[in-house]
Every structure is written in C-alpha cells, then in structure tokens.
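J.: Need a 3D model of the sequence below.
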Amino acid sequence: MKPAFDRSMTYQHTCEPTEQHKFKPGDRVIYTNGFGVNFGEKIVAAVALWDGIPRYYCEGTDTPWYPVQEHQLKRVMPFTANQDGTGNGAAPCTIMPSNPVAVGGDAP
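T.: Take a look at the predicted model:
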C-alpha cells in the first residue's frame, strides 16, 4: 500500500512562485508524463526553477525528488454548479444525432 503524502516533506531546489510559473502551490492539475501516460489529478506542492525553466513538485508522486515540467500539467477547472445545481456553470449543450430517423423518428 502506498503511504499517504507527507506534507512535511522538504523538496530540493524550490523557490517562491515567479512570473514564469503558470501554477502555484495548492493548484489542482492533471499530470501527463513525457510518454503520454496520464497520472490523474495532483496538487502542486512546491515550485522550482531549473536552468530558468519552471518545474513543479506534485503531491502523491512516486518521484518526489524530481519536479515535472509545466507542459506536462493541465489546470483542473473548478466545478461551478448551474442555478439548478447541475453542470459546471457552462451553457447547456444539446447533442443532435447524426441520423434522427434511426434514433426514433418516423421516416418521412
């Protein structure tokens, strides 16, 4: 069993977030490695600059000694409910079948 994330962990080569950093500690992100494997939702724990390139340490990683690059992360959009309590605040979407007759309509 994988141990719970240790919030007291100290990461090497960290810095305060700069203007170069797209994410900050506490941001929820989706991490996809360089081979395209999606590791799901993570939380940015700390930021670093390696050779002037923004990098990020994520909670729950199997490699806490190695921060990931910015292009490997995608921000998780916060959930916002519609007035009726559904959806994420976006306008309702109607999906039209490509062949309405096959879906249940009578042929003309």
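J.: Where do the helices of this protein begin and end?
T.: 100-103 (DSSP state H).
J.: all strands for it, in order.
T.: Ranges of strands in the chain, per DSSP state E, are 14-15, 28-32, 38-50, 53-58, 68-69, 73-75.
J.: any low-confidence regions in the protein?
T.: The chain contains residues with pLDDT under 70 at 1-10, 12, 79-108.
J.: still on that earlier bit, out of the strands of the chain, which one sits most buried?
T.: strand 53-58 (a mean of 21; mean count of other CB atoms under 10 Å). C-beta: built from backbone N, CA, C; applies to glycine.
J.: Please name every helix or strand in contact with that strand.
T.: strand 28-32, strand 38-50, strand 68-69 (3 or more CB pairs under 8 Å, 6 or more residues apart in numbering; DSSP states H and E).
J.: right, and V47 touches K24 too?
T.: Yes: with contact defined as CB atoms under 8 Å, V47 and K24 form a contacting pair (6.9 Å).
J.: Switch the helices and strands packed on strand 53-58 over to a markdown table; also include distance to M77.
T.: Below are the helices and strands packed on strand 53-58 laid out as a markdown table (distance: least, CB to CB, whole Å):
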| stretch | distance to M77 |
| --- | --- |
| strand 28-32 | 9 |
| strand 38-50 | 11 |
| strand 68-69 | 20 |
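J.: isn't V68 right up against I30?
T.: No: V68 is not in contact with I30 according to CB under 8 Å; the separation is 11.3 Å.
J.: Against K24, how distant is D51?
T.: 20 Å (CB to CB, to the nearest Å).
J.: how near is K74 to E16?
T.: Counting by CB to CB - K74 and E16 are separated by 23 Å.
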